[in-house]
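>>> show me how the following folds:
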Amino acid sequence: QVQLVESGGGLVQPGGSLRLSCAASGSIFSIYAMGWYRQAPGKQRELVAHITSGGSTNYGDSVKGRFTISRDNAKNTVYLQMNSLKPEDTADYYCNANLRVRVGGPVYDDWGQGTQVTVSS
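Here you go, the predicted structure:
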């Protein structure tokens, strides 16, 4: 069984910074892409940032230039550095991993439970 555990959320003032972490654990053969998504109240879940196993990145338009995604493959961990935070960044942030748990097994997406980020003065 695979677990994705997020940490680092909280309350921050506009203009501030937070760093989210997501560690994958359990019986994992290989993790391919990892990413962060967010969902604000009353809105659909949206892509924040995505990173491949080779380090190629992709960002949602609203966070480009402010957020940076990175990963440590040895630790099966993905990070999201969030700078210049705005009230509209307030949401639950979810970690996603595209992975395989055994040789020859299917590749599937797994999700963390989410961590709340609130940007408010």
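
>>> now the residue nearest to the spatial centre of the chain. Nearest residue, chain neighbours left out?
For the chain, the residue nearest the mean C-alpha position is W36 (2.6 Å; C-alpha atoms, centre = their mean). Leaving out its chain neighbours, the residue that sits closest to W36 by C-beta to C-beta, 6 or more residues apart in numbering is V48, at 4.2 Å. From N, CA and C alone the C-beta is placed, and that goes for glycine too.

>>> what about the one you found, distance to S62?
9 Å (C-beta to C-beta, to the nearest Å).

>>> neighbour count winner among these two?
Comparing V48 with S62 by other C-beta atoms under 10 Å, the one with more neighbours is V48, at 24 against 14.

>>> was I right about the more buried one contacting C95?
No - assessed by C-beta atoms under 8 Å, V48 is found out of contact with C95, at 10.2 Å.

>>> give me the common contacts of the two.
Taking C-beta atoms under 8 Å, 6 or more residues apart in numbering as the criterion, V48 and C95 both touch G35, W36.

>>> phi, psi of the most far-flung residue of the chain relative to its centre?
Distance from the centre of the chain peaks at G104, with 26.2 Å (C-alpha atoms, centre = their mean). Note on G104: backbone dihedrals following degrees, to the nearest 10 are phi 80, psi 0.
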